[in-house]
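Asker: I would like the atomic coordinates for the input below:
(chains A and B)
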There are 2 protein chains.
Amino acid sequence: MNSPAPRRFGDTLPPASRAQCEALDAGDPLAPLRALYALPAGVVYLDGNSLGPLPVDTASRLQQSVQQDWGIELIRSWNGAGWIDLPQRVGAKIARLIGAEPDEVVAADSTSVNLFKLLSAALRLRPDRRVIVTERGNFPTDLYVAQGLIAQLDAGHELRLVEREAIDAAIDENTAVVMLTQVDYRSGSRLDIGRVTARAHAAGALALWDLAHSAGAFEVDLNAARADFAVGCGYKYLNGGPGAPAFAFVAKRHHERFSQPLSGWMGHAAPFDFETGYRGAQGIARALCGTPPVLSLVALEAGVDAMLACEALGGMPALRRKSLALTDLFVALVETRCAGHGLRLVTPREHAARGSQVSFAMDDGDQAHALVQALIDRGVIGDFRAPNVLRFGFAPSYLRHVDVWDAVESLRLLLQTRGWDTPRFRQRQAVT
Amino acid sequence: MNSPAPRRFGDTLPPASRAQCEALDAGDPLAPLRALYALPAGVVYLDGNSLGPLPVDTASRLQQSVQQDWGIELIRSWNGAGWIDLPQRVGAKIARLIGAEPDEVVAADSTSVNLFKLLSAALRLRPDRRVIVTERGNFPTDLYVAQGLIAQLDAGHELRLVEREAIDAAIDENTAVVMLTQVDYRSGSRLDIGRVTARAHAAGALALWDLAHSAGAFEVDLNAARADFAVGCGYKYLNGGPGAPAFAFVAKRHHERFSQPLSGWMGHAAPFDFETGYRGAQGIARALCGTPPVLSLVALEAGVDAMLACEALGGMPALRRKSLALTDLFVALVETRCAGHGLRLVTPREHAARGSQVSFAMDDGDQAHALVQALIDRGVIGDFRAPNVLRFGFAPSYLRHVDVWDAVESLRLLLQTRGWDTPRFRQRQAVT
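Answerer: Here you go, the predicted model:
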């Protein structure tokens, strides 16, 4: 640790006891939200930024969809149960979390597929430009999708990979689109969508945002930021279940002109007329392709509904305040109670510069990996990111101050006893 | 009806009573398969070619995946519950139904998205050719996807739309790929995959098959036919649930060289190494893109497992025999018991020339539509296809001879009493 001195927790020292954390929870206006999630006993779940937990309502809603809508009503449920409108209906709900209009978002396909669609759409709107600006540290699949599209277009496009600090300087008159993930999946560092989008627009470029670690984690206002396109993930902070469908946002000012190559029947202007030629639907429906996975969409809707319950309790701004309190607390407790064990904060301390996760690095990547495994074994589920990062996600909907305390105590115990230093925890295996 | 004379049912007249149909069911070696499906009471379901019914096992498997694997094990289930291997595991099971090797098929994404991938892959393998040959009557989304790809490539490709009879003549030295749906979604007419593929290969072209109305409906042998690529649907005869993930087949001889533009992380050679550059995985995994919808894949696996239960009872050849018996019976009963009401068979009578559905046309499309609505109201669920087709799917896993009898009796009653001729049934609404 660079500085072993106690860090400020708000205007005071951090709580020195679990009882003080309990008192903070007792005063938490968002505390009722936790009951919406079926969290397993004995687990502190700090991996909701990889796979969000199961909402309480999801299982019964899925059973209704399976047993009644599919099992009894069968094909009639496309209309009767509203399956045909699910991509738009769930999209409109997600829109409330990301500062979009209800008819600017659809839920369908994977983040990667949606990125392919919208990156294609953006390049078509800037036919005379050949550069896509992105970060070298962007989530790899985003880079892969851009590489796949560039190879397919075979028109001399360049994927310009730069460090986060060099993004502004990399945007110029050749830039067609700036494609960025707002929150870095390793460090938790957060970009200012409004500022970077304005920089892109000033250069005549478009901005495409990946909100994988943003949507549901804190307030996002795509339209205030004048974002052009966005995609995001359904199974992280939206708690839609493993591999939940992703979402796609297209700003209304592009609805008339945008087009995308995955022109399937769900994006057709008259999908039930069975015409021979493709005519794109009006508006955001044109971002759809084939038939979406209804059962996974039903689960996603349950997750989004649970997230929207915050609207009666102060909404995303209230969630953000709690997220910052939890992450501030975690940083302060680790830096005081776990001092001297080589943990180095890699997440920015500045509130505006981070999302809802905290990452620490260690010089010894093997130790970092073993420590994460040992924590998981004790029920504190975070994750390891190569080469040497311990990553902890703090979803404010269901986490408490006592969870933060308990996680840090587990970490402290493992460090002090070298409890991570066993062959079992040192063994590497694939993680997601 | 063109010819009111009784049609031959095999070598005899069709059964003249429900009791005779019951006797046929009593001797049906595939009869036990029906118990694997949760069919609603009072329904004769002749729409399994649009949305297959719910298998009995699906609900409990989904509950296990939701409550235990997701709810309790959380992120650990990517390895512990084998989520990470689901596309390959389900693909290998589907392979057994379509004459493919286990490592030639994956399940993920929609049929439309998979078609985009594999049509792209096929065109890359024939870079000097510019023509895609297909049918004018191909399922519209297949045409739309080809149109979207051609526009994206902007390299002068032509989508050559021809009538079914003109396919052979349309294939020439400019043909890159012949892209066809084996069974026509309206008429039920079936193409010979081996014959058409050989014709494509003789001209130096590749063959890409859409098995939407084939997989699970009758035996398909892609490798015997030397097919190059195939896609197919999970929610029709595979009973995977609404919008179930689709599948993609790439013949092993193309595994070394094929590439496709939707290069997401799941198709990477080392998806957990988080490299900056895309390196395609070996083999069929390269056809994957983003994270697949796990819950929908779990349901699909249950559907495929139910279908594979036929392997102990004679397999797909036995299912095909029963399918032909049911469809022959349906045609014979309609043409005898419903004669004189203007129903005209549009499905080929020849066994080799049809799939597992029977379609009748009427001169009056409004009447055809109303008749389908009236049948549905009586629990006989088929569907209407514009402009004037009544379509009935016969899934031999769960349908009985008495179901055929009952369906025809309902049809006969409605025709004789003009029971379809009410404002309620004449009202048009979107159908899927």
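Asker: need the contact list for the closest residue to A:Val162 other than its chain neighbours.
Answerer: Taking CB to CB, 6 or more residues apart in numbering or on different chains as the measure, A:Val162 lies nearest to A:Ala170, with 4.5 Å between them; neighbours along the chain are not counted. C-beta here means a position set from N, CA and C on the backbone, and glycine is covered the same way. Shown here is A:Ala170, whose contacts under the criterion CB atoms under 8 Å, 6 or more residues apart in numbering or on different chains are A:Val133, A:Arg160, A:Val162.
Asker: select only the buried ones of those residues in PyMOL?
Answerer: Selecting the buried subset of the contacts of A:Ala170 in PyMOL, with 16 or more other CB atoms under 10 Å in any protein chain shown as the burial test, is done by:
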select buried, chain A and resi 133+160+162
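Asker: what sits against the single nearest residue of the stretch 151-300 of chain A relative to chain B?
Answerer: Residue nearest to chain B within the stretch 151-300 of chain A (CB to the nearest CB): A:Gly290, separated by 2.9 Å. If you count contacts by CB under 8 Å, 6+ apart, A:Gly290 has them with A:Gly264, A:Trp265, A:Met266, B:Asp109, B:Ser110, B:Thr111, B:Ser112, B:Val113, B:Thr141, B:Ala246.
Asker: tell me which two of these sit farthest apart.
Answerer: Taking CB to CB as the measure, those reach their widest spread between A:Trp265 and B:Asp109, a distance of 14.6 Å.
Asker: so which of these two has more stuff around it?
Answerer: B:Asp109 (33 against 25; other CB atoms under 10 Å in any protein chain shown).
Asker: how close does the more buried one get to B:Leu288?
Answerer: Distance of B:Asp109 to B:Leu288, computed by CB to CB, to the nearest Å: 8 Å.
Asker: cool, and A:Ala38?
Answerer: The span separating A:Ala38 from B:Leu288 equals 30 Å under the rule CB to CB.
Asker: how long is stretch A:275-282 end to end?
Answerer: By CA to CA, to the nearest Å, the extent of stretch A:275-282 from end to end equals 16 Å.
Asker: close to chain B, is that stretch?
Answerer: Yes - judged by CB under 8 Å from any CB of the partner chain, stretch A:275-282 and chain B are in contact via A:Glu275, A:Thr276, A:Gly277, A:Tyr278.
Asker: show me which of those are buried.
Answerer: When burial is judged by neighbour count using 16+ other CB under 10 Å, the buried members of those are A:Tyr278.
Asker: could you dump the residues of stretch A:275-282 next to chain B to a markdown table with distance to B:Arg378 and secondary structure?
Answerer: Conversion of the residues of stretch A:275-282 next to chain B to a markdown table gives the following (distance: CB to CB, whole Å; DSSP: H, G, I helix; E, B strand; the rest coil):
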| residue | distance to B:Arg378 | secondary structure |
| --- | --- | --- |
| A:Glu275 | 32 | coil |
| A:Thr276 | 34 | coil |
| A:Gly277 | 37 | coil |
| A:Tyr278 | 37 | coil |
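Asker: what sits against the spatially most distant residue from the centre of chain A?
Answerer: Largest separation from the mean C-alpha position in chain A: A:Thr276, at 38.3 Å (CA atoms, centre = their mean). The contact partners of A:Thr276, by CB under 8 Å, 6+ apart, come to B:Arg136, B:Pro140, B:Leu143, B:Leu161.
Asker: run through the residues you listed and flag the ones next to chain A.
Answerer: Restricting the contacts of A:Thr276 to those near chain A by CB under 8 Å from any CB leaves B:Arg136, B:Pro140, B:Leu143, B:Leu161.
Asker: so what's the residue count around A:Leu161?
Answerer: By the measure other CB under 10 Å, the count of residues near A:Leu161 is 18.
Asker: can you give me how far the strand or helix carrying it is from the chain middle?
Answerer: A:Leu161 belongs to strand A:158-162 when assigned by DSSP states H and E. Computed by CA atoms, centre = their mean, to the nearest Å, the separation of strand A:158-162 from the middle of its chain amounts to 23 Å.
Asker: what mean pLDDT does that strand have?
Answerer: Here strand A:158-162 scores 98 as its mean pLDDT.
Asker: in the following helix or strand past that strand, what's buried?
Answerer: Later in the chain than strand A:158-162, the nearest helix or strand by DSSP H and E is helix A:167-170. By neighbour count, and taking 16+ other CB under 10 Å as the criterion, the buried residues in helix A:167-170 are A:Ile167, A:Ala170.
Asker: same question for stretch A:333-351.
Answerer: The neighbour-count criterion (16+ other CB under 10 Å) identifies A:Leu333, A:Val334, A:Glu335, A:Thr336, A:Arg337, A:Cys338, A:Ala339, A:His341, A:Leu343, A:Leu345, A:Val346, A:Thr347 as the buried residues of stretch A:333-351.
Asker: out of those, who's near chain B?
Answerer: Intersecting the buried residues of stretch A:333-351 with the surroundings of chain B, defined as CB under 8 Å from any CB, gives nothing.
Asker: out of these, which is nearest to chain B?
Answerer: Distance to chain B across the buried residues of stretch A:333-351 (CB to the nearest CB) is lowest for A:Val346, with 15.6 Å.
Asker: that closest one and B:Ile376: what is the separation?
Answerer: Spatial separation of A:Val346 from B:Ile376 under the definition CB to CB is 60 Å.
Asker: now A:Asn239
Answerer: 37 Å.
Asker: returning to what we had before: could I get the phi/psi values of the residue farthest from the centre of chain A?
Answerer: Summarising the backbone geometry of A:Thr276 under the convention degrees, to the nearest 10, its torsions are phi -80, psi -30.
Asker: now do it, the pLDDT please.
Answerer: In this model, A:Thr276 carries a pLDDT of 94.
Asker: pull out the buried positions in the longest helix anywhere in chain A.
Answerer: Looking across chain A with DSSP state H, the single longest helix is helix A:315-337. Counting neighbours by 16+ other CB under 10 Å, one finds that the buried residues in helix A:315-337 are A:316, A:318-337.
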